[in-house]
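Colleague: this is the structure alone, sequence omitted:
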């Protein structure tokens, strides 16, 4: 099992190009361009000395904020150093022998499963189906499985499974005694999050595990804060017993407050609804690529009939995009780009056209 | 393997007593009372937005600062979310079958060893020997061992192994093909750190692993930043392959700069040399306790011929101390207290006398 390459490594790129990382427009990491909520920055300045003490090992304040936001009991919640810690700790304590994940999908599920000794099955999403999960997926949910992991919307495809379909998947898993882990890290960005999130099903399905993060929607990627929700309190107890203490630092432990920042949430919703439509339409007009209609804050596209390394070409214009070369079931012609603010999205469109048509 | 109880949980205490945590003087966590270095707070304010991006997955700046400070090559260094992540990741990748630790010692070594499936031997330190490691320890280093873990100065005893003795231990381990992990989290507090630290031996011993943290000396307990040093680069490569990404957050990744804060280091050295002598002398005068001469920034003492729960009694005076009840080889009559600033140490002495003689 090798370390996975993700987007967002502007440090390496800046060093290679001998420029400051601030000069790069980073379309490779899917982060809300509105930036860190002002309310949180104010709290940080006022509580700078909080790092002098060890964090609360129980993270009570953080967990309370999350419980209140979702209207769920505190005991159903576990918090971690980014969604990644939660994914790894849930999987290593669930100890699945055989698991099913999508291909392509976020790389850390596979790493966590292999590290825990699980055999991994892949459900190959079909290009001709725009990489959407289809009805046949239900047939792939074999009784011999212990765990199914789904990212919704999926990363890097930006394709969504609607609630009706997800409910069928959940029911099918329940019937066959299979755990279902749904990573909703990007659900806040979809058109109508409340009609997509499976959070309302948490209490009725003890085989359901939902992963969330503050990383993307609240632009706190560097703070590292994620959480997991399930009514399987036995599992959460096991995680507590096995976990390393204080993995969330004291500044990150304060971050639950962003869930109460209604202005930030409203502004972010307005941004994503407007910019997703704008950026998708602008990209669709470029005839040298196929664009997959995005449900989240990032867009998958494929370069058609071209052998050009457009990531490298865009880098020369200080624009960083995500090559999808290291995702299973995608080849080097696939790329993922984040949706950023209007000015940045426009810059991308112009630079991209230059690279494609003039380069 | 249960979650370990540590000192420093002022959150739980504050809630139980229905007071603010700021009202409690916390002698249970061993943290430099000079507080977070001002140079670091200034950098935080100036770089507040750094959390918007993912941290550098290679943590190059942080590792460079550490390498420069110790005059060692970058490739010998691994960084983690507190010393704890480094301890856990080194042990889980070394995969020792049989290990030896001191009793008593820091609780997380045992947890990490058990989690990795190691059999754990204990070297019981002797009260009559003031819990110091004696010559007989060498005899306990059995050829069947794979790993010896030593905390120096040891926690919670505050007893030191001098370099001459430690070199014998290192040689003995080397000869018997045993790895030696030395946790130097508290070495910066001893009278003359340069004559104690085994860092100069790193390059010549591929069985030597040194753990350090910025937690205690730089009062960054809540920031979570530790590191490990070894010339066993194969192990460091394995750790990289197996680790969860971005476990150190972007603010913590900036913390290497404190190693260059010469004023803070000088002030802290002056504080510990003066306050250790003062506090130890003042405690020695109390005839109802036996005080063990401290080498670090905390003091172990034993309550003599008393059944009183002095932790609880001191809590009523808003002073929190560490009961050593959950350490192997110590009974409920043992307590550990941190050395704080003069005003706080005086408050402790007065409150303690009240509890012992008037209560």
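Modeller: Right, received. Where do you want to start? Model, not experiment: these values are computed from the prediction. Numbers count the residues shown, from 1 in each chain, chains lettered A, B, ... in the order given.

Colleague: please make it C-alpha for all contacts and neighbour counts, starting now.
Modeller: OK.

Colleague: which residue ranges of the stretch 201-350 of chain A form helices?
Modeller: Using DSSP state H, counting those that start in this stretch, the helices found in the stretch 201-350 of chain A span residues A:233-242, A:262-284, A:310-315, A:342-353.

Colleague: who's in contact with the closest residue to chain B within the stretch 51-200 of chain A?
Modeller: Nearest residue of the stretch 51-200 of chain A to chain B, counting by CA to the nearest CA: residue A:51, 3.9 Å away. Listed by CA atoms under 8 Å, 6 or more residues apart in numbering or on different chains, the contact partners of residue A:51 are A:249-251, B:36, B:219-223.

Colleague: rerun at 10 Å
Modeller: Taking CA atoms under 10 Å, 6 or more residues apart in numbering or on different chains as the contact definition, residue A:51 lies against A:249-251, B:35-36, B:215, B:219-224, B:252.

Colleague: keep only those of those residues that are in strands.
Modeller: Among those, no member is found in strands (DSSP state E).

Colleague: by neighbour count, which of these wins?
Modeller: Neighbours were tallied for each of the contacts of residue A:51 (criterion: other CA atoms under 10 Å in any protein chain shown), and the maximum of 32 neighbours falls on residue A:249.

Colleague: surely that one is in contact with residue B:253?
Modeller: No: applying CA atoms under 10 Å as the test, residue A:249 and residue B:253 come out as separate, 11.8 Å apart.

Colleague: overlap in contacts, those two.
Modeller: Applying CA under 10 Å, 6+ apart, one finds that residue A:249 and residue B:253 are jointly contacted by B:81, B:223-225.

Colleague: which pLDDT value goes with the residue in the stretch 201-350 of chain A positioned nearest to chain B?
Modeller: Taking CA to the nearest CA as the measure, the stretch 201-350 of chain A has residue A:222 as its residue closest to chain B, at 3.9 Å. Looking at residue A:222, its pLDDT is 95.

Colleague: next, the residue lying closest to it once chain neighbours are set aside: secondary structure please.
Modeller: Take residue A:222 and drop its neighbours on the chain: the residue closest to it by CA to CA, 6 or more residues apart in numbering or on different chains is residue B:51, 3.9 Å away. When the structure is reduced to helix, strand and coil (DSSP: H, G, I helix; E, B strand; the rest coil), residue B:51 reads as helix.

Colleague: what's the closest non-adjacent residue to the residue nearest the centre of chain A?
Modeller: The residue lying closest to the centre of chain A (CA atoms, centre = their mean) is residue A:185, at 4.2 Å. Spatially, and ignoring its direct neighbours in sequence, residue A:185 is nearest to residue A:212 (4.7 Å; CA to CA, 6+ apart).

Colleague: just residue A:310 next, same as before
Modeller: Closest residue to residue A:310 apart from its sequence neighbours, by CA to CA, 6+ apart: residue A:355 at 7.1 Å.

Colleague: which ones are touching the one you found?
Modeller: A:308-314, A:316-317, A:349.

Colleague: what's the helix or strand for residue A:171?
Modeller: Secondary structure from DSSP states H and E places residue A:171 in helix A:163-175.

Colleague: can you name the residues in contact with that helix?
Modeller: Taking contacts as CA under 10 Å, 6+ apart, the residues outside helix A:163-175 that touch it are A:133-135, A:137-139, A:141-143, A:145-148, A:150, A:152, A:160-161, A:176-182, A:194-198, A:201, A:205-208.
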